[in-house]
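Novice: Sequence and predicted structure are below.
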Amino acid sequence: MTDSTATLIRNGRVITASDDYVADVLLQGGIVHTIGQAIDVGPDVRVVDATGLYVLPGGVDTHVHLENVIGPTITADTFASGTKAAAFGGTTTIVDFALQTERDSPLGAIARAQRSAESQVNVDYSLHVIVTRVDEQVLKDVRYAMHHEGVSSFKMFMAYPGVMMADDASIFRMLRQVGADGGMVALHAENGTVIDLLIKEALEAGHTAPRYHALTRPSLMEGEATHRGIRLAELANAPIYFVHVSSNDALKHIVSARAEGIPVFAETCPHYLLFDDSVYDNEDFETAKYVMTPPLRKPDDQKHLWRALRYDDLQVIATDHCPFCMKADHFGLRSSKLRGTKSFAEIPNGAPGIETRLVSLFDIGVVQGKLSLNRFVELTATTPAKLFGLFPKKGTIAVGSDADVVLFNPAVSQTIHAKHLHGNCDHTLLEGRSLQGRVEKVFLRGNLIVDGPDWHGRAGMGRFVPRGQVQAF
Ligand code: URP
Ligand code: ZN
Ligand code: ZN
């Protein structure tokens with residue numbers, strides 16, 4: 001099937017960030033062509049009966065690490081495996097990272113990531129550039145990337161000294177320029193140098209088990225860096241976006257800055273809502289599965305995250321899909337948690353989640369009454385598309401939007417097992433968990449790529465999506 005094959009989705013319940021109605025949706029020429037009642041079509045149009053199903057915009061996951069080289073490690077999913085997993089989970093657009101190295105510029109990083117992605121991607125994609133070093137030339141390249149390459153967001157780290165951490169003045173310079181140009185700086189907010197000291201002291205005391213990862217990354221240091229980032233953005237008169245917010249210590253600064261009218265935006269990730277720090281109460285190496293940054297927090301933090309999701313102090317739920325295997329199956333030890341059997345500090349940070357985002361949030365959010373259906377769509381598709389310049393091409397179902405559509409069955413449940421998922425990671429944090437809801441069919445620009453358990457996509461059919469300015473005000 002190609003873009004030229006039209007599909008009529010008949011009688012589904014169309015849900016966007018603002019609407020909820022039963023209609024027919026005609027996908028034609030790669031876009032949503034018509035939305036109406038009892039649309040009449042010829043025999044050459046494929047008709048899909050969606051009675052009883054939700055018709056959702058394809059998910060937009062703006063925090064994904066595929067084939068990312070982080071220090072001596074590489075994430076276990078390739079662009080091919082990760083985007084196939086995304087598709088099966090109902091996500092049709094991802095934003096990955098292009099890392100500026102010591103050797104190249106932001107433009108070199110974009111070109112390198114695109115070369116690698118081009119022949120592999122199964123869904124549409126874009127890139128944030130991770131900027132690790134700022135000088136006049138880098139700022140020129142950043143401006144060029146914004147205006148000519150369709151890359152309008154840049155991630156910077158206040159953590160990982162010596163690997164990716166940028167100093168405050170560099171972050172401020174980026175905020176000032178990117179903000180003036182209508183783009184977004186996304187910040188990983190943790191006080192990296194204090195955390196490094198705590199890690200060193202823990203290791204000197206003989207504390208090597210995975211649980212010490214969490215104990216050496218206190219939420220107060222996430223809060224401190226969040227506060228610092230907000231003040232830098234305020235001085236720069238720029239919007240700012242905080243990735244993977246995990247704690248109320250960080251959230252409270254975001255809430256009060258937004259109340260002051262400062263354009264602060266933030267995401268959390270499903271794992272902070274699904275699990276809490278009780279998983280670290282042991283000395284077992286299995287706990288390495290939960291070594292992600294920031295670590296899991298307290299049940300009280302979850303309560304605050306849910307409240308912020310409801311009242312729009314958090315605007316996005318992205319996965320931070322950063323898979324590393326428990327064994328050494330993909331890319332050997334480079335992509336394995338086994339690197340850290342002797343020291344928690346060597347365990348690659350990150351957890352998988354790209355395929356389970358929508359269904360897990362539907363279950364713990366919508367089914368359990370914490371999120372409305374509209375809010376669920378807004379958090380997982382519409383607002384990420386708006387904040388990162390993809391809307392209305394992506395993130396909604398409207399006439400003229402890309403025909404990225406998910407047919408979602410709310411009435412069935414499924415039990416999650418890693419062996420049934422489509423990425424390279426050998427485990428899922430949700431192993432054995434029963435969840436309500438299932439992705440039935442996925443269309444990418446009108447192409448049926450997922451049909452129940454069957455795969456009709458093709459590596460390389462995903463496209464790079466040039467992005468525009470932040471649409472948040
Ligand atoms: O543990 C995580 N989140 N690893 C990925 C890198 C990052 O900080 O986002
Ligand atoms: Zn991060
Ligand atoms: Zn990340």
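Specialist: Sure, I can see it. Numbers count the residues shown, from 1 in each chain. Ligands and ions are numbered 1, 2, ... in the order given.
Novice: In a helix, K155, correct?
Specialist: No: going by DSSP: H, G, I helix; E, B strand; the rest coil, the assignment for K155 is strand, not a helix.
Novice: Let me know whether stretch 263-277 sits next to ligand 1.
Specialist: No: Stretch 263-277 is not in contact with ligand 1 by Cβ under 6 Å from any ligand atom; minimum separation 8.2 Å. Where C-beta positions appear, they are placed from N, C-alpha and C, glycine not excepted.
Novice: pLDDT of that stretch, averaged?
Specialist: Across stretch 263-277, pLDDT averages out at 98.
Novice: cool, stretch 145-160 as well?
Specialist: On average, stretch 145-160 scores 98.
Novice: Show the end-to-end separation of it, please.
Specialist: End-to-end distance of stretch 145-160 (Cα to Cα, to the nearest Å): 25 Å.
Novice: Could you report the neighbour count for A180?
Specialist: 12 (other Cβ atoms under 10 Å).
Novice: Repeat that for C325.
Specialist: By other Cβ under 10 Å, the burial measure for C325, its neighbour count, is 22.
Novice: who's it bridged to?
Specialist: When bridges are called by DSSP bridges, C325 pairs up with S336.
Novice: residue contacts, it?
Specialist: 76, 335-337, 424-427 (Cβ atoms under 8 Å, 6 or more residues apart in numbering).
Novice: mind redoing it with 6 Å?
Specialist: 76, 335-336, 425-426 (Cβ atoms under 6 Å, 6 or more residues apart in numbering).
Novice: same question, D24
Specialist: Here D24 is in contact with 8, 10, 36, 39 (criterion: Cβ under 6 Å, 6+ apart).
Novice: Could you find the closest non-adjacent residue to A166?
Specialist: M156 (4.8 Å; Cβ to Cβ, 6 or more residues apart in numbering).
Novice: Check T2 and give its pLDDT.
Specialist: 48.
Novice: just the helices in the stretch 1-150 of the chain please.
Specialist: 79-88, 106-118, 136-148 (DSSP state H, counting those that start in this stretch).
Novice: Of those, flag the one that's most buried.
Specialist: helix 79-88 (a mean of 27; mean count of other Cβ atoms under 10 Å).
Novice: That one packs against which elements?
Specialist: Applying 3 or more Cβ pairs under 6 Å, 6 or more residues apart in numbering; DSSP states H and E, one finds that helix 79-88 contacts strand 447-451.
Novice: Identify each buried residue in the strand it packs on, please.
Specialist: Neighbour-count burial for strand 447-451 flags 447-450 (criterion: 16 or more other Cβ atoms under 10 Å).
Novice: Can you name the residue of the stretch 1-150 of the chain nearest to ligand 1?
Specialist: Nearest to ligand 1 in the stretch 1-150 of the chain, going by Cβ to the nearest ligand atom, is H65, at a distance of 5.6 Å.
Novice: For the nearest residue to that residue once chain neighbours are set aside, the count of nearby residues, please.
Specialist: Sequence neighbours aside, C322 is the residue nearest to H65 in space, at 4.2 Å (criterion: Cβ to Cβ, 6+ apart). Neighbourhood size, C322 [other Cβ under 10 Å]: 28.
Novice: which ones are touching whichever residue of the stretch 351-473 of the chain sits closest to ligand 1?
Specialist: Closest approach of the stretch 351-473 of the chain to ligand 1 (Cβ to the nearest ligand atom) occurs at A351, with a separation of 7.0 Å. Counting by Cβ under 6 Å, 6+ apart, A351 touches 271, 292, 429.
Novice: Which two of the buried residues of strand 447-451 have the greatest separation?
Specialist: Greatest spatial distance in the buried residues of strand 447-451: N447 and V450, 10.1 Å, computed using Cβ to Cβ.
Novice: before we move on, back to that, mind checking pLDDT for the residue of the stretch 1-150 of the chain closest to ligand 1?
Specialist: Value listed for H65 in the pLDDT field: 98.
Novice: Tell me, how many residues neighbour it?
Specialist: Neighbour tally, H65, other Cβ under 10 Å: 23.
Novice: May I have the phi/psi pair for it?
Specialist: phi -120, psi 100 (degrees, to the nearest 10).
Novice: now do A250
Specialist: Dihedral angles for A250 - degrees, to the nearest 10 - are phi -80, psi -40.
Novice: That one and T193: what is the separation?
Specialist: 18 Å (Cβ to Cβ, to the nearest Å).
Novice: Please apply the same query to R133.
Specialist: 17 Å.
Novice: And P384, by the same measure?
Specialist: 31 Å.
Novice: Between the two, which is the more surrounded one?
Specialist: For P384 versus T193, the count of surrounding residues by other Cβ under 10 Å is larger for P384: 28 against 11.
Novice: Up against ligand 1, what does this structure have?
Specialist: Checking the chain against ligand 1 by Cβ under 6 Å from any ligand atom, the hits are 65, 188, 244, 292-293, 320, 322, 349-350.
Novice: could those residues go into CSV alongside distance to H417 and secondary structure?
Specialist: Shown next, in CSV, are the residues of the chain next to ligand 1 (distance: Cβ to Cβ, whole Å; DSSP: H, G, I helix; E, B strand; the rest coil):
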residue, distance to H417, secondary structure
H65, 23, coil
H188, 31, strand
H244, 26, coil
M292, 21, coil
T293, 26, coil
D320, 22, coil
C322, 21, coil
N349, 24, coil
G350, 20, coil
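Novice: ok so, going back, mind listing what the residue nearest to H65 touches?
Specialist: Per Cβ under 6 Å, 6+ apart, neighbours of C322: 65, 75, 350.
Novice: any idea of the pLDDT on the closest residue to the last one other than its chain neighbours?
Specialist: In other words, G350. In this structure, G350 finds its nearest non-sequential neighbour in C322, 2.6 Å apart by Cβ to Cβ, 6+ apart. With respect to pLDDT, C322 scores 98.
Novice: And for G36, the neighbour number?
Specialist: For G36, using other Cβ under 10 Å, the count is 11.
Novice: strands paired with the helix or strand of the chain with the lowest mean pLDDT, and their directions?
Specialist: Sorting the helices and strands of the chain by mean pLDDT, DSSP states H and E puts strand 69-70 at the bottom, at a mean of 92. In the sheet, strand 69-70 lines up against strand 73-74 (antiparallel) (DSSP bridges).
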